[in-house]
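Asker: build me a structure from this.
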Amino acid sequence: MRLVGAIVLIALSACGYRGGTFRDPMGSFGGSQRTVGCLDVGVDLASDTQAQGTVIAYGFGNRCDRATTVDLGAVVVTGRTADGREVVLPAFDPEGELRSARIDARRSGRETIEYGGAEAVRMICVDVGRLDGGDGAAQVVCLDVANVTVAEAP
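Answerer: Predicted structure coming up:
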């Protein structure tokens with residue numbers, strides 16, 4: 001398993017992110033969308049032929065007129081096995097890059113992170129409720145891993 005991307009907040013346009021659009025110059029924040037404090041976030045499954053675990057793609061934008069926190073390390077990810085058990089899926093972060101960072105007002109970023117464990121899962125649930133570094137209520141997005149198509153590498 002590996003961290004699929006570097007933890008980098010990308011300022012994508014001079015005009016900045018427009019709150020509530022769940023969209024930046026790279027396109028829509030795919031998958032399920034939530035608002036957590038000042039952050040609009042999209043959570044979706046991503047395919048990566050090199051990954052051994054499940055890859056989650058995050059798109060996020062700061063809807064506020066002040067900097068805010070993005071803490072992808074605070075996201076809790078669980079998986080459900082075929083027999084219905086729930087297991088915690090740790091982020092693969094061998095370089096220790098997963099940490100809290102600040103994102104400027106009206107800016108956006110994207111990240112993909114691989115999660116895995118010893119057991120195969122059919123569904124993955126991502127709790128983004130603390131993505132903004134706060135003690136927010138749970139905001140869980142569940143995604144069906146069984147329906148992900150992994151593209152063949154060229």
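
Asker: can you give me the buried ones in stretch 91-108?
Answerer: Ala91, Phe92, Asp93, Glu97, Leu98, Ile103, Arg106, Arg107, Ser108 (16 or more other Cβ atoms under 10 Å). (C-beta placed from N, C-alpha, C; glycine too.)

Asker: other SSEs contacting the one helix or strand Val41 maps to?
Answerer: Remark: Val41 resides in strand 39-46, with elements defined by DSSP states H and E. Contacts defined by 3 or more Cβ pairs under 8 Å, 6 or more residues apart in numbering; DSSP states H and E place strand 39-46 against strand 32-36, strand 54-62, strand 140-144.

Asker: and the buried residues of stretch 91-108, which is closest to Gly116?
Answerer: Taking Cβ to Cβ as the measure, Gly116 sits nearest to Phe92 out of the buried residues of stretch 91-108, at 6.3 Å.

Asker: pretty sure the closest one is touching Gly116, no?
Answerer: Yes. Contact status for Phe92 versus Gly116: in contact at 6.3 Å, counting by Cβ atoms under 8 Å.

Asker: sorry, back to before: so what touches the strand holding Val41?
Answerer: 4, 17, 19-22, 28-35, 54-63, 68, 70, 103, 112, 124, 126, 128, 131-132, 141, 143, 145, 148 (Cβ atoms under 8 Å, 6 or more residues apart in numbering).

Asker: what subset of the residues you listed is buried?
Answerer: 4, 17, 19, 22, 29, 31-35, 54-63, 68, 70, 103, 112, 124, 126, 128, 131-132, 141, 143, 145.

Asker: centroid residue for the chain?
Answerer: Note on the chain: the residue nearest the mean C-alpha position is Tyr58, at 3.2 Å, using Cα atoms, centre = their mean.

Asker: residue contacts, that one?
Answerer: With contacts defined as Cβ under 8 Å, 6+ apart, Tyr58 is in contact with Val41, Gly42, Val43, Leu72, Arg110, Glu111, Thr112, Ile113.
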